[in-house]
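J.: what shape does this take:
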Amino acid sequence: MAVLQYVDNVTDLFRAYTDEPDLSFLTAADAQTYLEIGYNEFRQKATDMVPAIFATDVTITPSGGSYNLATGAVTILGSSAIVPLTNTRMVRLLSVRDAVAGNDPFIWTGASSRRAMQLLSRGYLLEGQSLIFSVSVNRSLTLQYVPESTVDWSQSVAGNNEYIDDLVEFHDIIALMAYRQYAIRDSATSEQIERQLSQRLREMESTITKRNFDGPHYVARTNYTYED
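T.: A predicted model of the protein is given here:
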């Protein structure tokens, strides 16, 4: 049975770790904030291990040498109060590829600066809220990116069934990371918490990097380097 698949399950574990009986000191709002921060950190760690683990796709249609991701027809950056986002806000851009049918689209090469992009025939650079291209683009492109979490951590009552994600066996890490936020306020760092967190992060990395069984054994040669 998946015991930590819902927000209320992880919230209960977090409160058990803090062992704080004073609900006026550790309120429901406080717990929600710490858990949101802990979960964002959890997602960042998981994404560092397997970049596409939370990834989603969106298709844009540029017209020229750039596309503004906050004001274009498809928006994944910027303030939703100014321009409502058409898709979940982007945290990290993973890849840009031609939006074509089939399983072998051309994948554009990311650059670290405009100078580096000058060397690329089909390159891109994320600069602020704009996606800059090395050539003029007048066709659809698919962006693979890591979106912000949409988990509602206020749904902490048993039975709300607010699902977190598919990494259920490692959701204790969220509670451990949330405890760090609580410890800053309470001046109550815990050697046991830190030791357990380090161990569980190692176990998560070992597991999720091998979920795609052949993945760790695959190395691809590109025009510039080797990718594993």
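
J.: what residues does the longest helix along the chain touch?
T.: Assignment by DSSP state H gives helix 28-49 as the longest helix of the chain. Applying CB atoms under 8 Å, 6 or more residues apart in numbering, the external contacts of helix 28-49 come out as 7, 10-11, 14-15, 53-54, 91-92, 146, 149, 151, 153-154, 156, 164, 167, 170, 173-182, 201, 204-205, 208-209. Bear in mind the C-beta positions are built from the backbone N, C-alpha and C, glycine included.

J.: rerun that using 6 Å as the cut-off
T.: 53, 146, 153-154, 173-174, 177-178, 181-182, 205, 208-209 (CB atoms under 6 Å, 6 or more residues apart in numbering).

J.: take the residues you listed and keep only those in strands.
T.: Counting by DSSP state E, the part of the contacts of helix 28-49 found in strands is V146.

J.: need the max-distance pair from the contacts of helix 28-49.
T.: Spanning the widest gap among these are S154 and T209, at 32.4 Å by CB to CB.

J.: neighbour-wise, which of the two wins?
T.: Neighbour totals were compared for S154 and T209, and S154 leads with 16 against 13 (other CB atoms under 10 Å).

J.: kindly state the pLDDT recorded for the more buried one?
T.: The predicted local distance difference test score for S154 is 97.

J.: and for N212?
T.: 71.

J.: end-to-end on stretch 134-143?
T.: Distance across stretch 134-143, first residue to last, is 16 Å (CA to CA, to the nearest Å).
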